[in-house]
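Chemist: Need a 3D model of the sequence below.
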Amino acid sequence: MTNEWSKEVFSKNLQMYMERSGKTQKELAEIMGVTAPTFHEWVKGKKFPRIDKVQKLADYFGILKSDLIEEKTEERREMQKSNDTLANIIVRLRTDKAFLTAVEALYELDAEKLSSVSTLLK
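Modeler: Model (predicted):
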């Protein structure tokens, strides 16, 4: 793994998480405690941040360092989407009583009834 390849992978992953978060380079530079030009060089793959800054970014996005510094296959990205969906469902189960009640009712259904409800919802 070359240094240039590492910067390219980091840049691509950083851009993806920035897009998901809706944060600008300027906002994230302030959060990371670096200048906007420094952050821009990370985004463009010209420079690689120190590992403490990689960890700070990972903590901010709620991900692992490896999610920023390792190349992710399409299969891994699909798995991550699935994990994100599950995390969002868990949060909603904890915060939305009506949603929890609906899920509990679905949980009690046998396979045939569940299939009928699924068809109806589609």
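Chemist: Run through the chain and note the low-pLDDT ranges.
Modeler: In the predicted model of the chain, residues 1-2, 73-77 satisfy pLDDT under 70.
Chemist: All the helices of it, residue numbers only.
Modeler: Residue ranges of the helices in the chain, as given by DSSP state H, are 3-21, 25-32, 36-43, 51-61, 65-69, 74-95, 97-107, 111-121.
Chemist: how deep is residue 6 tucked in, by neighbour count?
Modeler: Counted with other Cβ atoms under 10 Å, the neighbours of residue 6 add up to 15. C-betas here are computed from N, CA, C, even on glycine.
Chemist: and the nearest residue to it once chain neighbours are set aside, what does it touch?
Modeler: Closest residue to residue 6 apart from its sequence neighbours, by Cβ to Cβ, 6 or more residues apart in numbering: residue 48 at 6.1 Å. Counting by Cβ atoms under 8 Å, 6 or more residues apart in numbering, residue 48 makes contact with 3, 6-7, 10, 42.
Chemist: Go through the residues you listed and name the one nearest residue 103.
Modeler: residue 10 (38.2 Å; Cβ to Cβ).
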